[in-house]
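> below are the sequence and a predicted model; questions follow.
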Amino acid sequence: MGLEQERKELGAREVVRFLKESGFRHIFGLPGSSLVSLLQELADSPVKVVPTIHESVTIAAADGYARVTGAGAAYIYMVPGTANALANLYNAWRDESPILVLASQQAAWARTREGTIGEGDLVPLVAPFCRHARELAPGMPVYHHLAAASRAARGVPTGPAFVSLPEDVLEADGPVVSVPRTVRLPSGAPDISLLAEKLAKARRPLIVAGGQVRRHGGADGLAALAERHQIAVAAEPGFNDRLAISPGHPNFLGGMTGLYGSVAEARADFVLVVGGRFIPEGHPRPNPYFPGAEFVAHVNADHAKLEETRVAHWSCACDPSALLAALLQAVSDADDALMRQRRAFIDEAKAARLPPGNPFAETLASYGTALGALHDALDHGWVVDEAVMGSVALLGALRSGDGGRYIGATGGSLGWGTGAAVGAALGSGGPVTCVLGDGALRFGLHGLWTAVAERLPITFVILDNGGYGSTRYFSRAYAERAKPGGGRNAPSYAGMDFRETGGSLADLIRGFGLPCTGPVAPQDAREALEAAWRSAKEGPNAIIISLPFGD
């Protein structure tokens, strides 16, 4: 780095210069006494401050913004703000979201072992969920270290970066540096001859695609590969962060743990897990995945993700988009008979039906009716998914040709969706449909305040089943497992049943100033949704769709 020793500049001013020169149009955050110098400089800059009223929303909004624009920025206040931010920092980390988080800190000269008010060691707190985490000291060049954090956030793989800024660093003059613009490129595809050979011969090939494919620009390559060679594609199991292929693609089977995807998973003879984890299980199952597969390959840009839970026959840490492009060129065309076999494999998976009496089928049926109303939601703008139990059904309902406008969170930390919708609306400048479970909404209520304050075109769709439906599902399954051993026959819904407590969701929503429709029955959701989409240009609104409790 080149220190321009003859020049010094206020630390807070260097922060704003960096944000402006790096192309940030917005920054999300809460004010705090140790941040006033930064806020003073931001007031006279082209970077717009977007206020939030809880740090979980701050990070979620920066995350949603980053998924739309390529990078997001946030500021939070010392230990209290950093601790509040951790759940959604974890979500951003899981999904490799390139956000720059700036935290204020007690003046360096006043730091103590026990900590003054609001003080604590921030870097160890956030380091497990950041690509870069550092606290600056007086005399350090602020711009240089922000640039280093930003490079880490936008590197390979991408992810959150964190910089702690003591009050005296912000309020004192420090050295000015010149930092060259740097572009970090991922590694290209390796020798894929074995992979191409196995794929060319496969009768029932399946690609399980994670969000990294979309983030690295490989969605078009995946779609072309699937179409040219008639390959089934399923989304990474569990929750999804980005869709690697559009829901309208004829070879897309939805989530791998959904009905169609699970049928294909059980019968596939060749599997490529690309740009995702292998396998992100919330509840590991006893039987193996891909029991019929003769060859399983795993590709991820992050070598640390290659053997997190399962081991493949062939694995590689490289750019998933480069690998897909190389496969498209390397795989020889199959003959007509093999192509018909592959097409039949896809069609048979799509024709599958769950047997009557299956408890998961009954749960999905109620969600399916409600979420069928959202079949063209991606044609109306962005979709933010925190439907939790309903996420599988939402993926099954979407029929749009543009999967690039879908975002979700794989981390499972609730309260992400409302803030992410705020960030997506500001970053895109367009409308957003945010689908939430009623439990997720309660965690993220603070995000409604910012949506109203900014008059954003967001329609919040709340699936209300009277509490924490996914936990109740597992409670029922546990009670059934425990019964042969003398356990209780009836599941416990302690802390999961909100039907008679806590006030109505509509009242909570209206308390933030949002118009709210419902509760409406699932079969009436389409009419309510169309009206909400029309009125969203005037500001945010909400629809509540009532679902059965499930007991």
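Noted; the coordinates are in hand. Nothing here was measured: the structure is a model prediction, and the numbers come from that model.

> where does residue 156 sit: helix, strand or coil?
At residue 156 the chain is in coil, as set by DSSP: H, G, I helix; E, B strand; the rest coil.

> err, residue 164, not the other one
strand.

> what pLDDT, on average, does stretch 58-71 get?
On average, the pLDDT along stretch 58-71 is 97.

> then stretch 86-104?
On average, stretch 86-104 scores 97.

> nearest spatial neighbour of residue 154, skipping sequence neighbours?
Of all residues not flanking residue 154 in the chain, residue 98 sits nearest, at 4.9 Å (C-beta to C-beta, 6 or more residues apart in numbering). (Each C-beta comes from the backbone N, C-alpha and C, glycine too.)

> spit out the contact partners of that neighbour.
66, 70, 71, 72, 153, 154, 158, 159, 160, 161 (C-beta atoms under 8 Å, 6 or more residues apart in numbering).

> any low-confidence regions in the stretch 151-300 of the chain?
183-186 (pLDDT under 70).

> what segments of it are strands?
Using DSSP state E, counting those that start in this stretch, the strands of the stretch 151-300 of the chain run over 161-166, 173-178, 205-209, 232-235, 252-255, 270-274, 295-300.

> dump those to a markdown table, plus mean neighbour count and distance to residue 16.
Rendered in a markdown table, the data for these read as follows (neighbours: other C-beta atoms under 10 Å; distance: least, C-beta to C-beta, whole Å):
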| stretch | mean neighbour count | distance to residue 16 |
| --- | --- | --- |
| strand 161-166 | 26 | 12 |
| strand 173-178 | 18 | 13 |
| strand 205-209 | 29 | 39 |
| strand 232-235 | 30 | 40 |
| strand 252-255 | 26 | 42 |
| strand 270-274 | 27 | 40 |
| strand 295-300 | 24 | 36 |
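
> can I get those in JSON lines including distance to residue 334?
Output for the strands of the stretch 151-300 of the chain, formatted as JSON lines (distance: least, C-beta to C-beta, whole Å):
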{"stretch": "strand 161-166", "distance to residue 334": "45"}
{"stretch": "strand 173-178", "distance to residue 334": "55"}
{"stretch": "strand 205-209", "distance to residue 334": "10"}
{"stretch": "strand 232-235", "distance to residue 334": "14"}
{"stretch": "strand 252-255", "distance to residue 334": "20"}
{"stretch": "strand 270-274", "distance to residue 334": "12"}
{"stretch": "strand 295-300", "distance to residue 334": "16"}
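
> so which of these comes closest to residue 451?
strand 161-166 (25.8 Å; C-beta to C-beta).

> now do the SS call for residue 436.
strand.

> of the contacts of residue 98 - the most surrounded one?
residue 160 (33 neighbours; other C-beta atoms under 10 Å).

> would you check how far apart it and residue 288 are?
Shown here: residue 160 relative to residue 288, a distance of 34 Å by C-beta to C-beta, to the nearest Å.

> per-residue confidence at the residue most central in space within the chain?
By C-alpha atoms, centre = their mean, the chain has its centre lying nearest to residue 409, at 2.8 Å. You'll see residue 409 listed with a pLDDT of 95.

> quick one: it and residue 317, what's the gap?
Distance, residue 409 to residue 317, by C-beta to C-beta: 24 Å.

> that older thread, tell me which of the contacts of residue 98 fall in helices.
If you go by DSSP state H, the contacts of residue 98 have 66, 153 in helices.

> nearest to residue 211, of the contacts of residue 98?
Using C-beta to C-beta, the contacts of residue 98 come closest to residue 211 at residue 158, 10.9 Å.

> can you pull the contacts of the closest one?
Contacts of residue 158 (C-beta under 8 Å, 6+ apart): 96, 97, 98, 131, 215.

> dump those residues into JSON lines; add distance to residue 524 and secondary structure as well.
As requested, the contacts of residue 158 are exported to JSON lines (distance: C-beta to C-beta, whole Å; DSSP: H, G, I helix; E, B strand; the rest coil):
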{"residue": "96", "distance to residue 524": "39", "secondary structure": "coil"}
{"residue": "97", "distance to residue 524": "36", "secondary structure": "coil"}
{"residue": "98", "distance to residue 524": "40", "secondary structure": "coil"}
{"residue": "131", "distance to residue 524": "46", "secondary structure": "coil"}
{"residue": "215", "distance to residue 524": "37", "secondary structure": "helix"}
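
> possible to save the contacts of residue 98 as JSON lines with distance to residue 508?
Output for those, formatted as JSON lines (distance: C-beta to C-beta, whole Å):
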{"residue": "66", "distance to residue 508": "28"}
{"residue": "70", "distance to residue 508": "34"}
{"residue": "71", "distance to residue 508": "33"}
{"residue": "72", "distance to residue 508": "27"}
{"residue": "153", "distance to residue 508": "34"}
{"residue": "154", "distance to residue 508": "37"}
{"residue": "158", "distance to residue 508": "35"}
{"residue": "159", "distance to residue 508": "33"}
{"residue": "160", "distance to residue 508": "30"}
{"residue": "161", "distance to residue 508": "34"}
